[in-house]
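Chemist: could you work out the structure for the sequence below:
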Amino acid sequence: MLREFPASPEARLGILLATTMIVAGLAVPASAEESAFIRTADSSQLEWGPCPPFMPEGCSLAVLHGDPAKPAADVFFKLPAGTTVPLHWHSSEERMILVSGEIEAVYEGQDPVVMKAGTYAYGPPRREHNATCVSDEDCVLFIAFVEPVDAFPAD
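Modeler: Below is the predicted model:
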């Protein structure tokens with residue numbers, strides 16, 4: 001039986017964070033010495049850094065878990081409202097959950113899809129795609145990379 005996603009923002013955030021932790025936990029075996037933690041997109045503990053140079057101004061990334069130069073890293077990707085990420089691709093597949101905002105995503109050979117907060121998406125490796133933050137608020141996307149984090153502009 002399918003259930004409707006809870007209406008309150010607090011309930012949606014709680015479920016989203018629990019789902020994110022489950023997805024992230026499946027990517028890498030946890031160490032017995034490792035501490036558990038929870039982060040939200042507005043956490044003061046996050047260190048936001050720049051996106052690759054071909055991405056729009058104001059775009060930023062925050063590493064949540066892992067080393068982006070190694071397999072199995074989790075990041076938050078922030079895209080300012082009204083901006084578009086140009087056509088690009090990644091070496092790794094991506095498992096994503098939109099945390100806030102609305103994003104229109106277009107993958108090569110597929111119809112555009114509008115993601116709303118709480119939406120899960122899968123992106124195959126090397127598949128060209130672009131995305132536009134179509135909301136009035138910034139878009140924040142959780143991304144779990146299987147391989148090291150990279151992004152390359154399409155030719």
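Chemist: spatially nearest residue to Val99, not counting backbone neighbours?
Modeler: Of all residues not flanking Val99 in the chain, Val140 sits nearest, at 4.3 Å (Cβ to Cβ, 6 or more residues apart in numbering). Where you see a C-beta, it was placed from the backbone N, CA and C, and this is true even at glycine.
Chemist: relative to Val75, how far out is that neighbour?
Modeler: Val140 is 10 Å from Val75, where distance means Cβ to Cβ, to the nearest Å.
Chemist: leaving out the residues flanking it, which one is nearest to Ala144?
Modeler: Arg95 (4.4 Å).
Chemist: which residues sit against the helix or strand containing the one you found?
Modeler: Per DSSP states H and E: Arg95 is located in strand 94-100. Strand 94-100 is contacted by residues 16, 19-20, 23, 41, 76, 115-123, 137-146 when judged by Cβ atoms under 8 Å, 6 or more residues apart in numbering.
Chemist: give me the buried subset of these.
Modeler: 16, 20, 23, 41, 76, 115, 117-119, 121, 123, 138-146 (16 or more other Cβ atoms under 10 Å).
Chemist: which stretches of this structure form helices?
Modeler: Per DSSP state H, the chain carries helices over the ranges 9-27.
Chemist: in it, which helix or strand is least confident?
Modeler: helix 9-27 (a mean of 44; mean pLDDT, DSSP states H and E).
Chemist: hmm, back to that, ok, what's across the strand from the residue nearest to Ala144?
Modeler: Tyr122, Ala144 (DSSP bridges).
Chemist: could you report the neighbour count for it?
Modeler: When neighbours are counted by other Cβ atoms under 10 Å, Arg95 registers 20.
Chemist: where does pLDDT dip in this structure?
Modeler: Under the criterion pLDDT under 70, the flagged ranges of the chain are 1-31.
Chemist: let's see that with 50 instead.
Modeler: The model of the chain has pLDDT under 50 over residues 1-28.
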